[in-house]
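Undergrad: Fold the stuff below for me.
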Amino acid sequence: MKIEGFSQFQNLDPEDYYQSGEGYIIYTEKYHLKRGYCCKNRCKHCPYEFSSTNTKTPKTKNT
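TA: Reported below is the predicted structural model:
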């Protein structure tokens, strides 16, 4: 999502997103977890396994 200003994002916490060098808003993993579901847009920091049947289970972290 590319925006001209940040007025649409005033209610977001600073750790929920960052702006790329090209002016796009990039949502963080923390934002996705707070939202609670996968939007199926193949977001860069999506913590969910994207599939047509599973959009609510966070993927496991390899430790």
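
Undergrad: rest of the way, CA atoms for contacts and neighbours
TA: Fine.

Undergrad: which regions of this structure lie under the pLDDT threshold?
TA: Low-confidence regions of the chain, defined here as pLDDT under 70, cover residues 1-10, 51-63.

Undergrad: can you give me the strands in it?
TA: With DSSP state E as the definition, the chain shows strands at residue ranges 17-19, 25-27.

Undergrad: Check those strands for me and report the most buried one.
TA: Of all these, strand 25-27 carries the top mean neighbour count, a mean of 17, counting by mean count of other C-alpha atoms under 10 Å.

Undergrad: What helices and strands are in contact with that one?
TA: Packed against strand 25-27 by the contact rule (3 or more C-alpha pairs under 8 Å, 6 or more residues apart in numbering; DSSP states H and E) you find strand 17-19.

Undergrad: Show me what the strand it packs on is in contact with.
TA: Contact partners of strand 17-19, identified using C-alpha atoms under 8 Å, 6 or more residues apart in numbering, comprise 25-28, 31.

Undergrad: So what does T28 look like in phi/psi?
TA: phi -90, psi 170 (degrees, to the nearest 10).

Undergrad: And for it, the neighbour number?
TA: The tally of other residues near T28 (other C-alpha atoms under 10 Å) stands at 18.

Undergrad: All the helices of this protein, in order from the start?
TA: Along the chain, counting by DSSP state H, helices occupy 29-35.

Undergrad: what about stretch 40-47, how long is it end to end?
TA: By C-alpha to C-alpha, to the nearest Å, the extent of stretch 40-47 from end to end equals 11 Å.

Undergrad: buried residues in it?
TA: In terms of neighbour count (16 or more other C-alpha atoms under 10 Å), stretch 40-47 has its buried residues at 43, 46-47.

Undergrad: Tabulate these (a markdown table), appending distance to P14.
TA: Shown next, in a markdown table, are these (distance: C-alpha to C-alpha, whole Å):
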| residue | distance to P14 |
| --- | --- |
| C43 | 18 |
| C46 | 17 |
| P47 | 18 |
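
Undergrad: Sounds good, over and out.
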